[in-house]
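1. Build me a model:
(one chain, ligands or ions: 1)
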Amino acid sequence: MPPPRIAALGHHQPEHVMTNDDLTALVDTTDEWIRKRTGIATRRLALRESVTDLAEQAAAKALARSGLAPDEVDMVVVATCSAIDRCPSIAAQVAGRLHIPAAAAFDVNNGCAGFSTALATVDHAIRAGAARGALVIGAEKMSDITDWTDRSTCVLLGDGAGAAVVTGSDGRDGIGPVVWGSDPTRGHAVRISGDWHPLFRQEGREVFRWATTELVPLARKTCECAGVSPTDLGAVVTHQANLRIIDALVDRLGITDAVVARDVVDSGNTSAASIPLALSKLVELGAVPTGSPVLLFSFGGGLSWAGQVVMCP
Ligand code: ACO
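-> All right, here's what the predicted structure looks like:
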């Protein structure tokens, strides 16, 4: 099989914008604290749409841009940790709505590392000859699992979706080797749990310390596995959780010329949606040259991490 590549991207965000000032009506916080500690200015909230609606909108755009017919899509994989229904999967619902017949359709829950995990799963399936084309979607309605009385988490989260169509390429390898792993001893640090209404909780300082220590060597390893130097990257699209984490990583990798995704400022933390959402926006703006290497890397509940270098569509 020809090596896979991302052929097209799409994204969707709900219309409703929630500002930091809006949050001051709910919890004891300030615009200044949120901007200074996280970089976040606004986030989008789905007032009427479900997580399946968000996924469908992003996937429909990516599919239309790819030129693939629905029957050329053999896999639909949705990365999400905010699905309310366990069955049918969001992936199967999206496949039905987009008239994709008989695709392997399933959800992947690897917290915020879900999109790169799903992308690697699809990459491996295409290389193994188990699929020709695939839809990989990151979709989250974090507002469904937000504790709106907890100021340490409710100011961080947002809703949205991003999608990629992956197909066999006409030559160059378009998706680099995945670097993934987990540290179960830190499972307590990010949780979505509860009997009837699971809510997002995290030990923010602990995750922050982990990210500012571990991400640099993991990002270097990801570049090394793909055969590129961090300074050769055309873009860096890492998990959109905190602007301070993103800027520290870029600084410590010595990256000065690459486009750096900072969508967290406008969208907040959309968990598994954050990478495809940010990447799709940059590509739509024409900010990243076609064919240039882009580092994707994310981390979250588990603690888990996953990333790869991809060729920009
Ligand atoms: N407004 C005002 N004050 C607040 C708020 C708020 N919204 N939230 C917390 N505070 C207070 C705390 O109570 C604390 O007060 P104290 O010093 O009197 O105890 C003070 O601010 C400092 O709190 P910290 O938690 O130490 O603040 P920190 O600078 O660490 O920022 C944050 C918190 C933004 C969560 C940061 O730790 C972080 O980004 N961590 C990493 C998160 C991450 O990357 N998660 C990724 C995986 S999970 C996912 O993506 C879905």
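2. can we go C-alpha only for contacts and neighbour counts from here?
-> OK.
3. what's around the residue nearest to residue 111 when sequence neighbours are not counted, how many residues?
-> Once flanking residues are discounted, residue 111 sits nearest to residue 301: 4.9 Å by C-alpha to C-alpha, 6 or more residues apart in numbering. For residue 301, the count of nearby residues is 28 (other C-alpha atoms under 10 Å).
4. now do residue 209
-> Neighbour count of residue 209, defined by other C-alpha under 10 Å: 11.
5. gap between residue 138 and residue 290?
-> According to C-alpha to C-alpha, to the nearest Å, residue 138 stands 22 Å off from residue 290.
6. neighbour-wise, which of those two wins?
-> A count of neighbours by other C-alpha under 10 Å puts residue 138 above the other of residue 138 and residue 290, at 37 against 12.
7. so the more buried one touches residue 161, yeah?
-> Yes. Residue 138 is within contact range of residue 161, at 5.5 Å (criterion: C-alpha atoms under 8 Å).
8. if I look at the two, which residues touch both of them?
-> Common neighbours of residue 138 and residue 161 (criterion: C-alpha atoms under 8 Å, 6 or more residues apart in numbering): 55, 273-274, 276-277.
9. Need those residues in JSON lines (columns: neighbour count, pLDDT and distance to the ligand).
-> Listed next are the shared contacts of residue 138 and residue 161 as JSON lines, based on neighbours: other C-alpha atoms under 10 Å; pLDDT from 0 to 100; distance: C-alpha to the nearest ligand atom, whole Å:
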{"residue": "55", "neighbour count": "32", "pLDDT": "98", "distance to the ligand": "17"}
{"residue": "273", "neighbour count": "33", "pLDDT": "99", "distance to the ligand": "10"}
{"residue": "274", "neighbour count": "33", "pLDDT": "98", "distance to the ligand": "9"}
{"residue": "276", "neighbour count": "29", "pLDDT": "98", "distance to the ligand": "14"}
{"residue": "277", "neighbour count": "30", "pLDDT": "98", "distance to the ligand": "14"}
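10. Can you name the residues that contact the residue lying closest to residue 182 once chain neighbours are set aside?
-> Of all residues not flanking residue 182 in the chain, residue 304 sits nearest, at 4.1 Å (C-alpha to C-alpha, 6+ apart). With contact set as C-alpha under 8 Å, 6+ apart, residue 304 has these partners: 110-111, 113, 180-183.
11. Which of these fall in strands?
-> If you go by DSSP state E, these have 180-182 in strands.
12. now, among those, which is nearest to the ligand?
-> Closest approach to the ligand among the ones in strands among the contacts of residue 304 (C-alpha to the nearest ligand atom): residue 182, at 12.6 Å.
13. is the biggest helix by length in the chain anywhere near the ligand?
-> Ordering each helix of the chain by length in residues (DSSP state H) puts helix 204-226 first. Yes. For helix 204-226 and the ligand, the contact criterion (C-alpha under 6 Å from any ligand atom) is met by 204-205, 207-208.
14. could I have the following helix or strand past that helix exported to CSV, CA atoms only?
-> Of the helices and strands lying after helix 204-226 in sequence (DSSP states H and E), the nearest is strand 235-238. Taking Å, rounded to 0.1, in the frame of the first residue of the first chain, the C-alpha atoms of strand 235-238 are listed here in CSV:
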residue,chain,number,x,y,z
ALA,A,235,4.5,24.2,12.1
VAL,A,236,4.0,23.0,15.6
VAL,A,237,0.5,22.0,16.6
THR,A,238,0.5,20.7,20.2
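15. Relative to the whole chain's centre, how far out is strand 235-238?
-> 11 Å (C-alpha atoms, centre = their mean, to the nearest Å).
16. what's it in contact with?
-> With C-alpha under 8 Å, 6+ apart as the criterion, strand 235-238 contacts 246, 250, 258-261, 275, 278-279, 288, 292-298.
17. Would you indicate which residues of the next helix or strand after it are buried?
-> Using DSSP H and E, the helix or strand that follows strand 235-238 in sequence is helix 243-252. Of the residues in helix 243-252, 243, 245-246, 248-250 count as buried by neighbour count, 16 or more other C-alpha atoms under 10 Å.
18. and which of those is nearest the ligand?
-> Out of the buried residues of helix 243-252, the member with the shortest distance to the ligand (by C-alpha to the nearest ligand atom) is residue 245, at 7.2 Å.
19. The closest one - nearest residue in space that isn't next to it in sequence?
-> residue 212 (6.2 Å).
20. From what I see, that neighbour and residue 249 are in contact.
-> Yes. Using C-alpha under 8 Å, residue 212 is in contact with residue 249, at 7.2 Å.
21. where does the stretch 51-200 of the chain dip in pLDDT?
-> 170 (pLDDT under 70).
22. rerun that using 80 as the cut-off
-> 169-172 (pLDDT under 80).
23. So which residues of it form helices?
-> With DSSP state H, counting those that start in this stretch, the ranges of helices along the stretch 51-200 of the chain come out as 51-66, 90-97, 114-127, 151-154.
24. Fine by me, thanks again.
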